[in-house]
Structures are given as structure tokens and as C-alpha cells.
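Enquirer: Could you work out the structure for the sequence below:
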Amino acid sequence: MKKIRGIILFLLAMNILSLSVLADGNGDEHKSEIGISTYLGVGAILSLVLLVIGLILWNMTRKKLATSTNMKKNDRDLLRKKMSIQLMTSVIAGAVMLAATIGWATTRLESDESLELKHIHGLGYSADGDNLYIAAHDGVNLYAEDTWSNLHTKEEQHDFMGFSMVDEGFYSSGHPAPGSSLGNPFGVIKSDDMGESLKTLDLSGEMDFHEMAVGYNSHAIYVLNPEPNSRMDEAGVYYSIDEASTWEKSEMNGLEGAIRDIAVHPTEEEKVVVVTEVGAFYSEDFGNQFEPLVNATVTSTAFDQAGKLFMGIYEESNQLVEFDISTKEQKEISIPSLKEEDAIAYITVNPQKADELTFATFKKDVFQTKDMGGNWQQLADLGITKDKKEE
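Expert: Residues are numbered from 1 along each chain as shown. Below is the predicted model of the structure:
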């Protein structure tokens, strides 16, 4: 009986240990693990039930053997053999159930390691075209070689607002991670190593620019300043062509409506598109004089490397439009059906592959095409990332 008690205690300990595997992790991880731990607990209980049933049958056979004094030797040997089989079966059944449950939970945990894109604030490609970066509340996320990853540790997961990819890294505004020594809000910052180090350019501790764009090659910075600060006397559009050492205010003549988005030509620093609640407006003189481009609900806009303009438009349905500024010609690009009450929030075109475009929606769906709308791959669904290898 001591051996039997030892087996029971061992399997009980293994059940408890299997539940304690989920004890570590942060709050978000615990939320995602509640369902897994529940099923793991049920599986652990079932393994014990199988063991107990087997031991009850074994004990019944043992009692029968003990009380049968007139039983023939052959019959006794058969009962002893039956007892051994019952004991072995119960132990194996309990162990298999426990192992299967732990294996399932482990696989489920691994599958639940998909990144969640939280509050997307911009996206763009690296200069070589190999890497797609998406900024969110928890740092910068990378999509490369069909796989997602987050570039930053939990201590470095800054909230990047106004995120703008350029050929040598990115510019941004936003807020530092809790406990960071960086000024809050950021003002204007830049990084040439994708966030491993951040350089403060201006207005640290003063401003968080939600509407901000930077020329991909020119590095001309345009911001919508919401209120007066130590460097800008009034609200409005400002630009800098010297890394925020000096700022100039755009006169904004011809601009109508509240500003929603800004796009800067990749190489010609004086060319800028501003999207308002009325439509899209274009300037060739640093935003001093604007002309209307589109009188529609424009939800997002971006230049490609050749200076073509791409716009997300919502007019009864979602559209993605390629716009030639010089000729005013428009070409609609086929896109997947989007969720109800959703629209294109951010657009980026691969600087090395003119037919590769990625967009993100307000509901954090991310789609990519490598043949300019011929075929689309969904990279994220409601912010939950999808590796190509999973498909």
C-alpha cells in the first residue's frame, strides 16, 4: 500500500505542478491564460479520476482475493495478474491524460504568442524594402521574413505617436514607457537604430504631435501644432528642414477644415499634402499656398518613392486610390472587403518594390499586396498578428 500511496502522491504533485506552470507572467498574459489554466485543471482532475477508478477496481479485486480462502491456485494467480493489469492501466491512463493535457496547453500557449498591435500609430518600410515596421503603444513591431516580432523589451515599449519611417530609421513623437528617463511627452525624437536609442530633437516634455510626417529621404519634418509652446507662437502647421533646430510656420492659404493627416514628398521637402475633414490639399511651397486635390472623405494618404500619392477614401465604400498630382488622374486599386465602420488609416509603399503596398485600418487590420492590388495577404486581424507560416 505504501507503493500505491506513493504513486498517488506523485501524480497529484504532477497535477499541481502542471497548474503552477502558468503562475508567472504579467496581467495581460494572465488574462489570456485563464482559459488555458481552466482546461489544464480539468485535464488534471480527469487524470486523477482515471487513477482513482483504476485503484478502486484494483482494491475490489484485492479484497476478493483476500476473502476467497478456498480459491484454487490457478484462480488466485489469475486474480493477482488482473490486479497488476488494473494497477498498471490506471497509472498509464492517468499519466497519458495528464501528459496530453500538458501538451495541449503548451501548444496553446505557443500559439497564443501572436503579437497584438495596440493602437497603431504609423507604419513604413526600411530603405532596403525587406522590413515592415508598425508603431504602437508598446514600441515598434517588425514584420520580416513572414514573421512578426516586437523590437523592444517591456522597459523600452514607448508609445510612439506621429511615427514616420525614413531611409535611416524613424522620427516620432509620443510618450516614453513608465519609468523611462526620457522627457514626457517626447516632443520630436529620431532613431537610426529602430528605437534601440532615441535622440531628442526638440520640445521634450512639452508637446505630443499626433499629426506629424517626415520626408522619407529629405527628412523635412511637418507637424500640426495644437497650441502655443516655447518654440511655436501659435497653433497651426510648422515645418523644419534642419532636424528641428528651427521651425517655420506655414501660412496655410487655401486650406479648409480641421487637419486629419499629413504626407510629405520623399525627396522634395517643399511638397506636402494635408488631409482635412473637407478633402485633400496640396502645396509646393512648404504649406504656404494649398490647392484642392480631392473633395471627398480622405482617411489617409502617403507618397511612394516616385512621388505618386496614395489615398484611402471613403465614399459609400472604402477605396484605395493612386493619384497623379501633375495630371490629377486617379486610378483605383482593388482592396479586400473591410469590416463594417472601418477604413484605411495608414498607407506605406515599399521603396524598393513599387508594387508592394501595405495598409492598416482603424480597427487594426493590416493588409499587404505585392502586385498592387492583384492579391492581398492579411497580416493582422483586429490587431492580432498573423505569420505567413500559420496560413
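Enquirer: can you pull the pLDDT of the residue nearest the centre of the chain?
Expert: For the chain, the residue sitting closest to the mean C-alpha position, by Cα atoms, centre = their mean, is residue 117 at 2.3 Å. In the prediction, the pLDDT value recorded for residue 117 is 89.
Enquirer: Need the nearest residue in space to it, chain neighbours excluded.
Expert: Leaving out its chain neighbours, the residue that sits closest to residue 117 by Cβ to Cβ, 6 or more residues apart in numbering is residue 383, at 4.3 Å. All C-beta atoms are positioned from the backbone trio N, CA, C, and that covers glycine.
Enquirer: Over to residue 226?
Expert: In this structure, residue 226 finds its nearest non-sequential neighbour in residue 235, 5.8 Å apart by Cβ to Cβ, 6+ apart.
Enquirer: wait, that neighbour sits on residue 229?
Expert: No - counting by Cβ atoms under 8 Å, residue 235 sits too far from residue 229 to count as a contact (9.7 Å).
Enquirer: got the residue ranges for the helices in the protein?
Expert: In the chain, the helices defined using DSSP state H lie at 2-20, 27-67, 73-111.
Enquirer: Among the ones you listed, show the one with the smallest mean pLDDT.
Expert: helix 2-20 (a mean of 51).
Enquirer: Can you give the distance of stretch 290-303 from its chain's centre?
Expert: Computed by Cα atoms, centre = their mean, to the nearest Å, the chain-centroid distance of stretch 290-303 equals 27 Å.
Enquirer: if we can go back for a sec, dump the residue contacts of the residue nearest to residue 226.
Expert: Neighbour list for residue 235: 225, 226, 227, 228 [criterion: Cβ atoms under 8 Å, 6 or more residues apart in numbering].
Enquirer: Which members of those are the farthest-apart pair?
Expert: Farthest pair in the contacts of residue 235 (Cβ to Cβ) is 226 and 228. Separation: 9.4 Å.
Enquirer: Looking at the two, which is more packed in?
Expert: For the pair residue 226 and residue 228, the greater number of neighbours falls to residue 226 (15 against 11), based on other Cβ atoms under 10 Å.
Enquirer: distance of residue 207 from residue 339?
Expert: 33 Å (Cβ to Cβ, to the nearest Å).
Enquirer: So these two - more neighbours on which side?
Expert: Here residue 207 and residue 339 are compared on neighbour count by other Cβ under 10 Å; more neighbours surround residue 207, at 22 against 13.
Enquirer: ok, now how distant is the more buried one from residue 177?
Expert: Between residue 207 and residue 177 the distance is 18 Å, computed by Cβ to Cβ.
Enquirer: cool, residue 336 as well?
Expert: Distance of residue 336 to residue 177, given as Cβ to Cβ: 34 Å.
Enquirer: and those two? which has more neighbours close in?
Expert: For residue 336 versus residue 177, neighbours defined as other Cβ under 10 Å are more numerous around residue 177 (18 against 14).
Enquirer: The more buried one and residue 156 touch, don't they?
Expert: Yes - using Cβ under 8 Å, residue 177 makes contact with residue 156 at a distance of 6.1 Å.
Enquirer: just to revisit the earlier point, wait, doesn't the residue nearest to the centre of the chain sit right on residue 382?
Expert: No - if you go by Cβ under 8 Å, residue 117 and residue 382 don't touch, sitting 9.1 Å apart.
Enquirer: who touches both of the two?
Expert: By the contact definition Cβ under 8 Å, 6+ apart, residue 117 and residue 382 are jointly contacted by residue 364.
Enquirer: Need phi/psi at the residue nearest to the centre of the chain.
Expert: Backbone geometry at residue 117, expressed as degrees, to the nearest 10, gives phi -80, psi 120.
Enquirer: how close does it sit to residue 149?
Expert: Computed with Cβ to Cβ, the distance linking residue 117 and residue 149 is 12 Å.
Enquirer: buried set for stretch 235-250?
Expert: Taking 16 or more other Cβ atoms under 10 Å as the neighbour-count basis, stretch 235-250 is seen to contain the buried residues 236, 237, 238, 239, 240, 241, 244, 247, 249, 250.
Enquirer: Same check on stretch 129-141?
Expert: For stretch 129-141, the neighbour count (16+ other Cβ under 10 Å) marks 132, 133, 134, 135, 136, 137, 138, 139, 140, 141 as buried.
Enquirer: Tell me which residues touch residue 295, please.
Expert: Residues counted as contacts of residue 295 (Cβ under 8 Å, 6+ apart) are 278, 279.
Enquirer: pLDDT-wise, which helix or strand of this structure ranks last?
Expert: Every helix and strand of the chain was ranked by mean pLDDT, DSSP states H and E. The lowest is helix 2-20, at a mean of 51.
Enquirer: before we move on, back to that, common neighbours of residue 117 and residue 149, please.
Expert: residue 141.
Enquirer: if we can go back for a sec, next one: the residue nearest to residue 117, what pLDDT does it get?
Expert: Confidence for residue 383, expressed as pLDDT, is 94.
Enquirer: cool, the one 5 residues further on as well?
Expert: Turning to residue 388, the model gives it a pLDDT of 64.
Enquirer: Next one: the nearest residue to residue 175 once chain neighbours are set aside from residue 214, what distance?
Expert: Counting by Cβ to Cβ, 6+ apart, the nearest residue to residue 175 once its immediate chain neighbours are dropped is residue 159, at 4.4 Å. Applying Cβ to Cβ, one obtains 18 Å for the distance of residue 159 from residue 214.
Enquirer: now residue 280
Expert: According to Cβ to Cβ, residue 280 stands 19 Å off from residue 214.
Enquirer: between the two, which one's more packed in?
Expert: When neighbours are counted by other Cβ under 10 Å, residue 214 comes out ahead of the other of residue 280 and residue 214, with 27 against 24.
Enquirer: tell me the contacts of the more buried one?
Expert: 164, 166, 171, 220, 221, 222, 264.
Enquirer: quick one: the residue nearest to residue 142 when sequence neighbours are not counted from residue 122, how far?
Expert: Closest residue to residue 142 in three dimensions, ignoring its sequence neighbours and counting by Cβ to Cβ, 6+ apart: residue 149, at 5.2 Å. Between residue 149 and residue 122 the distance is 18 Å, computed by Cβ to Cβ.
Enquirer: Much appreciated, bye for now.
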